[in-house]
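*Asks:* Just a sequence and a predicted model for now, questions to come.
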Amino acid sequence: MTAESKQPQRPLSPFMIGTYYRPQLTSMLSIFHRATGVFLAVGALGLALWLMALAGGKESFDCFAALTHNGLGTLVLVGFSYALMYHLCNGIRHLFWDAGYGYEIKTAYRSGYAVVAVSIVLTALIWVVAYSC
Amino acid sequence: MSFRSPLGQARGLGSAKEGAQHWWLQRMTAVALIPLTLWLVFGLASNAGGDYAQVLAWVSSPVTAVALILVLVAGFWHGALGLQVVIEDYIHTRWLNLGLLMVVKFGCLLLAVASIFAVLKIALSPATGA
């Protein structure tokens, strides 16, 4: 504990969300990437439970399906599908940055708007397929 | 391909002693998940509202079963790496940090193994594999 008390109290830069910084598209998309990632971990839990319910037989599958075949269940699934499409599109944006492309402010904003648009279109497409098949 | 400088390698992979491995694995699983995710969501969507027999037939087909297992491996691996970073960034209490990291790592492994076993059980079951 003595080692800890000897640490100098250096100033920390404030957290990006709060009163210190003006909200910007880039910072909001960044924190949304992390938020959707955590949310999708819950979705992965759901996918795993669904597969286990399917392997368990008709009874457990029907029980699981009853949870999702209603208004609230559909809303949650829409949420998961949008989170997945957003995280996918913004993840590809991150991979371009990792490869060294798209760092110009103008480009970063353009790719940000593109991510929002494409993720909405893909989510809509998923639900068109879901209701037409 | 390595992003480590020769000096960095010689000094022993940095303070965490694992170098760029975590970062690299997060990107590799991400790349794998691009086609796998698109396949998964449109596969699930085309079976939305399907009854037990229809969904069982879809999952038990060899292509679906193999792709599902790949999604589960890459997905839970990517998820465990991502949640690890979130915990390391925000949870600074030692015991809580370590406890949550164990919950995430063990939990992701448990769910991956259990769901892969479920897919194998369905795909290899003689009653359903037509």
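*Replies:* Sure, I can see it. Numbering: from 1, shown residues only, chains lettered A, B, ... in the order given.

*Asks:* Show the residue spans covered by the helices in the chain.
*Replies:* Reading this off chain A. For chain A, the helices defined by DSSP state H cover A:2-5, A:25-56, A:58-68, A:71-98, A:105-132.

*Asks:* Can you look at chain B instead?
*Replies:* B:6-10, B:21-46, B:52-60, B:62-90, B:94-124.

*Asks:* Please compute how far the last one lies from its chain's middle.
*Replies:* Relative to its parent chain, helix B:94-124 has a centroid offset of 9 Å by CA atoms, centre = their mean, to the nearest Å.

*Asks:* For chain A, tell me whether it is touching it.
*Replies:* Yes: Helix B:94-124 reaches chain A (CB under 8 Å from any CB of the partner chain) through B:111, B:112, B:114, B:115, B:117, B:118, B:119, B:121, B:122. Heads up, the C-betas are built off the backbone N, CA and C, glycines and all.

*Asks:* and residue B:37, how far is that from residue A:82?
*Replies:* Noted for residue B:37: a distance of 13 Å to residue A:82, by CB to CB, to the nearest Å.

*Asks:* circling back: tell me which of the helices of chain A sits nearest to residue B:71.
*Replies:* Residue B:71 sits nearest to helix A:25-56 of all the helices of chain A, at 8.3 Å, using CB to CB.

*Asks:* which helices and strands sit right next to the closest one?
*Replies:* Here helix A:25-56 touches helix A:58-68, helix A:71-98, helix A:105-132, helix B:52-60, helix B:62-90, helix B:94-124, going by 3 or more CB pairs under 8 Å, 6 or more residues apart in numbering or on different chains; DSSP states H and E.

*Asks:* how big is the angle separating it from helix A:105-132?
*Replies:* Angle, helix A:25-56 to helix A:105-132, by axes from the mean of the first three to the mean of the last three CA atoms, to 10 degrees: 30 degrees.

*Asks:* Give me the buried positions along helix A:25-56.
*Replies:* For helix A:25-56, the neighbour count (16 or more other CB atoms under 10 Å in any protein chain shown) marks A:29, A:32-33, A:36-37, A:39-41, A:43-55 as buried.

*Asks:* for stretch B:80-95, same thing?
*Replies:* B:80, B:81, B:82, B:83, B:84, B:86, B:87.

*Asks:* Please apply the same query to stretch B:101-121.
*Replies:* B:101, B:104, B:107, B:108, B:111, B:112, B:115, B:116, B:118, B:119, B:121.

*Asks:* Quick check: residue A:85 touching residue A:127?
*Replies:* No: if you go by CB atoms under 8 Å, residue A:85 and residue A:127 don't touch, sitting 10.9 Å apart.
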